[in-house]
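1. Sequence first, predicted model second:
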Amino acid sequence: MSEAPEEWWKAIPDGPGYECSWDGHFRSLDRVTSSGRSVKGQPIATTTSKDNYVLVKYWNAEGKRVSRQAHRVIDRKSTRLNSSHL
């Protein structure tokens, strides 16, 4: 029986401090806030739209909360991040 391949992560183009995996998981990275407090990165929960699309919410580079369809953030066929939604 073969082992599952190791999950690898790529940065989200319009979401500094966030990554997504080839398997459709999302996470934030460890960071230090403007007040100097350390915040540990954690998995980001996804939701489902009324049309059954998986949605992920994160803060973009302009500091705005955005909601994106997961398949628009990562292109699973080519296993590379898709920035066409920008």
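-> Noted; the coordinates are in hand.

2. Any regions of this protein where pLDDT drops low?
-> Scanning the chain for pLDDT under 70 picks out the ranges 1-2, 4, 75-86.

3. All the helices of it, residue numbers only.
-> Secondary structure of the chain (DSSP state H): helices at 70-73.

4. What segments of it are strands?
-> Taking DSSP state E, the strands of the chain run over residues 9-12, 15-21, 26-28, 31-32, 38-39, 43-44, 46-48, 54-59, 65-69, 74-75, 80-81.

5. JSON lines for the ones you listed, including distance to Glu3 and mean neighbour count?
-> C-beta coordinates here come from the backbone N, C-alpha and C atoms, glycine included. Formatted as JSON lines, the strands of the chain follow (distance: least, Cβ to Cβ, whole Å; neighbours: other Cβ atoms under 10 Å):
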{"stretch": "strand 9-12", "distance to Glu3": "18", "mean neighbour count": "16"}
{"stretch": "strand 15-21", "distance to Glu3": "17", "mean neighbour count": "18"}
{"stretch": "strand 26-28", "distance to Glu3": "22", "mean neighbour count": "19"}
{"stretch": "strand 31-32", "distance to Glu3": "32", "mean neighbour count": "10"}
{"stretch": "strand 38-39", "distance to Glu3": "33", "mean neighbour count": "10"}
{"stretch": "strand 43-44", "distance to Glu3": "22", "mean neighbour count": "13"}
{"stretch": "strand 46-48", "distance to Glu3": "25", "mean neighbour count": "11"}
{"stretch": "strand 54-59", "distance to Glu3": "26", "mean neighbour count": "17"}
{"stretch": "strand 65-69", "distance to Glu3": "30", "mean neighbour count": "13"}
{"stretch": "strand 74-75", "distance to Glu3": "22", "mean neighbour count": "18"}
{"stretch": "strand 80-81", "distance to Glu3": "23", "mean neighbour count": "13"}
